[in-house]
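A.B. asks: sequence and predicted structure below; questions after.
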Amino acid sequence: MTGGIRKLAKETAVYGVSSILGRVLNWLLVPMYVRVLDSTGQYGIVTNLYAWTALLLVLLTYGMETGFFRFVNKEEKQPMEIYSTSLISVGISSFLFVVLGSLFLQPIASALGYGDTSEYVEMLLLIVAIDAFTCIPFAYLRYTSRPLKFAAIKLLNIFILIGLNLFFLLLCPWLYTHFPASVSWFYIPDYGVGYIFVSNLIASSVTLIALFQELTGFKYQFSFPLWRRMLKYSFPILILGIAGVLNQTVDKILFPFLFADRDYADAQLGIYGACFKIAVIMVMFIQAFRYAYEPFIFAKNKNDDCKQAYSEAMKYFVIFALLIFLGVIFYLDVIKYLVPPEYYPGLKVVPIVMLGEFFFGIYFNLSLWYKVIDETKWGAYFSTLGCLITVVIILVFGPIYSYMACVWASFVCNLVMMLLSYFIGQKKYPIHYDLKTIFVYFALTAILYVVAMLPSISNEWLRLGYRSILLIFFILFVIKRDLPLQELPFINRYIKK
């Protein structure tokens, strides 16, 4: 394991504290939501509006985060000018977004189907604007290698979000029942979903305040020529980002419009959204890997052994992603208790969603070739094609097969993008990936999955024990074949003793 890979693993672990742990804690809110909210349709509203939030966040950052990393590593003599220019650009656009959104709030809310609850949309406008603006100081923390502060602020956001959700959705109803005078002056019993967005808005505002040090103490300067060059570089990434996030969320955005009965659509979307959350563990791992990987590839591009490092990173990503896949699938009989029985019909989406996200993770790792050679247009091509595939499958098959069409649309989209990126990348920026090892682990995973699912074991404990043995076999195979435990500091010291 090379020094670069050790550094990548270390930073992935630190960023994982905020990304993986934070998302796990946030993920644990889902069992509360699906039990506290009145119906699956109420959770469908949450799923739909947060899908819109993800899309808007990409629009408001318009690739400037990645552009910042590229230019700050390419032109090291003026990092603060690059940071300041990025900050001012995203800050102004976020402010204008809030102003225009507020002016046309009611028409926008009505078009989305929330004419009677337009305050939901208004809160989300503010949340998106704040989160987009804070992306740049968070990127600066990553550039200056301050993962601990990055993690601390991210976790602060999560803890505030969770605390306020517990307060509004659990404590306030209890107080309203037993001591109504204590909360009746501000608490609205049937506001339900609205309090989820109130909690998010407060948490995002506190995050902005926590980044005060990264927003002060330097001279703000805006370089128009630099900004134009950054936009030129970042615009294809914006297209890539829009298409990419649509690949992840367009099903949840379009779903309510596929059916004449909005209540039915919200109910089905709630089931799909809750079960999709179970598979989000794969997304957490990819996100944590991305936080460390993106700065790493631009910095590593200056070294002679960069392609070998990229190949190693891909191999270890595949190994650990497949381990996560098997872990979730093998213990799905336990994980399912996080949601009530009315959500169980949606559990069949979990393995398909996870495999689709696995393909997307590989695609993200492959995407470095067009970033390091400054041909980000290819990313836009791939993601646009993937988005078109997703939309067509959903529109054609969604009204017939409901959310199962959405699942397979995402799976096909990510698979196509992964294959295109690999074959074209090998011509533009060839990297010798260890395909033999990757295929070995993929085949082993497929075999273990079939072996685990074929026997009909009625006793749940025996079934879990049997699958645990298979998972342990996979782990031992990894340790024996590709994981040099003796190079890990603690184990290495123990061996030497």
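C.D. replies: Alright, I've got the coordinates.
A.B. asks: from residue 268, how far off is residue 401?
C.D. replies: Counting by CB to CB, to the nearest Å, the separation of residue 401 from residue 268 is 11 Å. Using the backbone N, CA and C atoms, a C-beta is placed for each residue, glycine as well.
A.B. asks: if you count what's nearby, which of those two comes out ahead?
C.D. replies: Using other CB atoms under 10 Å, the more surrounded residue of residue 401 and residue 268 is residue 268, with 22 against 14.
A.B. asks: ok, that one - contacts?
C.D. replies: The neighbours of residue 268, taking CB atoms under 8 Å, 6 or more residues apart in numbering as the test, are 40, 44, 255, 259, 402-403.
A.B. asks: which strand or helix spans it?
C.D. replies: If you go by DSSP states H and E, residue 268 is part of helix 262-278.
A.B. asks: cool, residue 207 as well?
C.D. replies: Per DSSP H and E, residue 207 falls inside helix 193-210.
A.B. asks: with residue 84 instead?
C.D. replies: Under the criterion of DSSP H and E, residue 84 resides in helix 79-103.
A.B. asks: show me how far that helix is from its chain's centre.
C.D. replies: On the basis of CA atoms, centre = their mean, to the nearest Å, helix 79-103 sits 23 Å off its chain's mean C-alpha point.
A.B. asks: buried residues, it. List them.
C.D. replies: By neighbour count on 16 or more other CB atoms under 10 Å, the buried set for helix 79-103 is 79, 81-91, 93-94, 97-98, 101.
A.B. asks: if we can go back for a sec, what is the helix holding residue 207 packed up against?
C.D. replies: In terms of contacts (3 or more CB pairs under 8 Å, 6 or more residues apart in numbering; DSSP states H and E), helix 193-210 is packed against helix 40-61, helix 118-143, helix 147-166.
A.B. asks: quick one: closest of those helices to residue 214.
C.D. replies: Of all the helices and strands packed on helix 193-210, it is helix 118-143 that lies closest to residue 214, at 3.9 Å by CB to CB.
A.B. asks: what helices and strands are in contact with that closest one?
C.D. replies: So helix 118-143, by 3+ CB pairs under 8 Å, 6+ apart, packs with helix 40-61, helix 64-74, helix 79-103, helix 105-112, helix 147-166, helix 193-210, helix 212-215, helix 280-300.
A.B. asks: circling back: max pairwise distance over the contacts of residue 268: which two?
C.D. replies: Taking CB to CB, the two most distant members of the contacts of residue 268 are 40 and 259; they sit 14.2 Å apart.
A.B. asks: who has more neighbours out of those two?
C.D. replies: Shown here are residue 40 and residue 259; by other CB under 10 Å, residue 40 has more neighbours (23 against 16).
A.B. asks: got a list of what that one touches?
C.D. replies: Going by CB under 8 Å, 6+ apart, residue 40 touches 34, 266-268, 270-271, 274, 342-343.
A.B. asks: nearest to residue 321, of those residues?
C.D. replies: For those, the residue nearest residue 321 by CB to CB is residue 274; the value is 22.8 Å.
A.B. asks: in the protein, where is pLDDT below threshold?
C.D. replies: Where the chain drops to pLDDT under 70, the residues are 1-23, 75-77, 285-306, 484-497.
A.B. asks: repeat that with 50
C.D. replies: Low-confidence segments of the chain, defined by pLDDT under 50: 1, 298, 300-301, 488-491, 494-495, 497.
A.B. asks: output the longest helix belonging to it.
C.D. replies: Using DSSP state H to define each element, the chain has its longest helix at helix 224-254.
A.B. asks: taking helix 40-61 as reference, get the angle to that helix.
C.D. replies: Calculated by axes from the mean of the first three to the mean of the last three CA atoms, to 10 degrees, helix 224-254 forms an angle of 160 degrees with helix 40-61.
A.B. asks: helices or strands next to helix 224-254 in the packing?
C.D. replies: Counting contacts by 3+ CB pairs under 8 Å, 6+ apart, helix 224-254 packs against helix 40-61, helix 64-74, helix 79-103, helix 262-278, helix 377-401, helix 403-428.
A.B. asks: for these, which one sits closest to residue 214?
C.D. replies: The nearest among those, by CB to CB, is helix 79-103 at 8.9 Å.
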